[in-house]
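1. below: sequence and its predicted model.
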Amino acid sequence: MLVVDKPSGLLSQPGLGAHQCDSLITRLQRFDQHLQLVHRLDRDTSGVLLLARGLEALRRLSALFSARHVNKLYVADVQGVLLGSGRINSPLARLTRQPPRYGAHPEGRSAVTLWRVHSRREQRTRLWLRPLTGRSHQLRAHLAELGHPIVGDPIYGESGGGLRLCLHAQALSFQHPFTARRLRVISQEFNFGPLR
């Protein structure tokens, strides 16, 4: 396995077209062509990303994600003031293709997010987020649905002020697929600065 701290602004894997060929996996495969992505982060989300070395590692790690045996912890700055903690249980479906936008839909796929306040300042709240499912744009769509879009989100909120998307994958914890030892990998830090 390999764990990396992906920067904001870098695709996890190549997109469509020549302008989206640079990605974390293409950069890393220049040094080790056996590396494979186990999961993905949106381009503008930073933080912990897990890669497998070889097909057996990929199979075992993918099985952990599929069975929801990987705990994921994110930190995000959202617009507005939230108090305490909560649970968002809202099925999500893709509503538009360009740009891709997801939202609540009765025929969508099950999506559950737990949230808890980390800190607050004026009209912003920093949250701990724990997605129990792994849908595309889940955290971004759920928080926008709650009326508190993530700061710097050009799709679900307002991206004004030159701020980056304030969403960071802080930690992953899971059972090692070969040794059965419990592992927790933690990002060194998130870099969207203090609440302002």
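-> That came through, no problem. Predicted model only: the values in this text are computed from it and were never measured. Numbering: from 1, shown residues only.

2. could you pull out the strands in this protein for me?
-> Secondary structure of the chain (DSSP state E): strands located at 2-6, 35-37, 46-53, 71-79, 85-89, 92-96, 101-104, 112-121, 124-131, 167-175, 182-186.

3. quick one: work out the angle between the longest one and strand 124-131.
-> This points to strand 112-121. 160 degrees (axes from the mean of the first three to the mean of the last three CA atoms, to 10 degrees).

4. still on that earlier bit, quick one: closest of the strands of the chain to Ile155.
-> Closest of these to Ile155 is strand 101-104, at 5.6 Å (criterion: CB to CB). Glycine gets a C-beta too; all of them are placed from N, C-alpha and C.

5. what helices or strands is that closest one leaning on?
-> Packing partners of strand 101-104 (3 or more CB pairs under 8 Å, 6 or more residues apart in numbering; DSSP states H and E): strand 92-96, helix 138-145.

6. give me the residues contacting the last one.
-> Okay, so that is helix 138-145. 42, 74, 76, 78, 88, 90, 92, 101-104, 111, 113, 115, 127, 129, 131, 135, 149-150, 153, 155-157, 165, 167 (CB atoms under 8 Å, 6 or more residues apart in numbering).

7. spatially central residue in the chain, please.
-> When the chain is reduced to its mean C-alpha position, the closest residue under CA atoms, centre = their mean turns out to be Leu41, at 4.8 Å.

8. just to check, that one is in contact with Lys6?
-> Yes - the pair Leu41 / Lys6 is scored as a contact, 5.7 Å apart, by CB atoms under 8 Å.

9. anything in contact with each of these two?
-> 12, 47, 49, 169.
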